[in-house]
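In: Coordinates only, no sequence provided:
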């Protein structure tokens, strides 16, 4: 599979090189693909083509729909309650909560572990994702023992975005290919803010200015909902900046 995301539309032909092949495991098709005999695959949905060569599976991941945790993904969760040794953390509506061990924080011990009240936000990494078990999270790097940017998100506001927008926000700028310019435009206009994006369709924005937080969140959500082009994003930013002044 290419290292860069491949987006497909219904009926597109799929390059055979993108289709995984395993000597012992049969190819398993996930959502969004149809087998056309003898050996062709056709997308039935618009989205990103995602292949897992170890499991010999391939699927189309759409912008919308319910988030399904995958190992290694960064997510923003909301603490639901504290259990005996872990927090129950919500990642999406109508889905079972994930487990976040209370010692899965940088330098955490039974005496120094963070105390998180219901409603607290955490930036975490998925460490276990299995359809037969609750997902598990961590707020520390297993290799370095450091937070590396993970942990409680204090202050700010949380915004809901589509899974497609979350994926786009988390791509390297060179891969975005100019599709998403709104954040750079806002920063270039002088707004001071910080963001964190969860693969589960959550965007956290923080700033010393509440108006700036709302402007940034609104800009991303409107860009997402209306599929604004780069030029339209620039016009939106100018409008929002004028409203702030």
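Out: Ah, there it is. Remember, predicted model here, so these are calculated numbers, not experimental data. Numbers count the residues shown, from 1 in each chain.

In: Now stretch 21-38: buried residues?
Out: Across stretch 21-38, burial judged by 16 or more other C-beta atoms under 10 Å covers 27, 32-33. The way it works is simple: take the backbone N, C-alpha and C, and place the C-beta from them, glycine included.

In: Identify all contacting residues around it.
Out: With contact meaning C-beta atoms under 8 Å, 6 or more residues apart in numbering, stretch 21-38 is reached by 19-20, 41-45, 47, 50, 53-62.

In: mind running it again at 7 Å?
Out: With contact meaning C-beta atoms under 7 Å, 6 or more residues apart in numbering, stretch 21-38 is reached by 20, 41-45, 47, 56-60, 62.

In: So what's the model's average confidence on stretch 71-78?
Out: Averaged over stretch 71-78, pLDDT sits at 96.

In: How about residues contacting that stretch?
Out: By C-beta under 7 Å, 6+ apart, the residues outside stretch 71-78 that reach it are 89-91, 98, 119, 121-129, 137, 153, 158, 196, 198-200, 202, 204.

In: Return the members of these classed as buried.
Out: When the contacts of stretch 71-78 are checked for burial by 16+ other C-beta under 10 Å, the buried set is 89-91, 98, 121-127, 129, 137, 153, 196, 198-200, 202, 204.

In: Let's check: the centremost residue of the protein is which one?
Out: residue 199 (1.1 Å; C-alpha atoms, centre = their mean).

In: so what's it scoring on pLDDT?
Out: Residue 199 is given a pLDDT of 94.

In: what's the following helix or strand after the lengthiest helix in the chain?
Out: Longest helix in the chain, counting residues (DSSP state H): helix 210-226. Following helix 210-226 in sequence order, the next helix or strand is helix 230-244 (DSSP states H and E).

In: closest to residue 147 among the buried residues of stretch 21-38?
Out: Set against residue 147, the nearest of these by C-beta to C-beta is residue 32 (35.8 Å).

In: ok, and the closest non-adjacent residue to that closest one?
Out: Closest residue in space to residue 32, ignoring its immediate chain neighbours: residue 60 at 2.7 Å, by C-beta to C-beta, 6 or more residues apart in numbering.

In: And for residue 230?
Out: Using C-beta to C-beta, 6+ apart, the closest residue to residue 230 is residue 181 (4.9 Å).

In: Show me where this structure has its helices.
Out: For the chain, helices defined by DSSP H occupy the ranges 163-170, 173-176, 182-188, 210-226, 230-244.

In: In terms of pLDDT, where does the residue nearest to residue 103 when sequence neighbours are not counted sit?
Out: Nearest non-adjacent residue to residue 103, counting by C-beta to C-beta, 6+ apart: residue 113, 6.0 Å away. Listed pLDDT for residue 113 reads 88.

In: Please name the residues that touch residue 113.
Out: Residue 113 touches 102-103, 105, counting by C-beta under 7 Å, 6+ apart.

In: just those residues now: which is nearest residue 13?
Out: Using C-beta to C-beta, residue 105 comes nearest to residue 13 of the contacts of residue 113, at 47.3 Å.

In: With respect to pLDDT, which of the buried residues of stretch 21-38 ranks lowest?
Out: Per-residue pLDDT puts residue 32 lowest of those, at 81.
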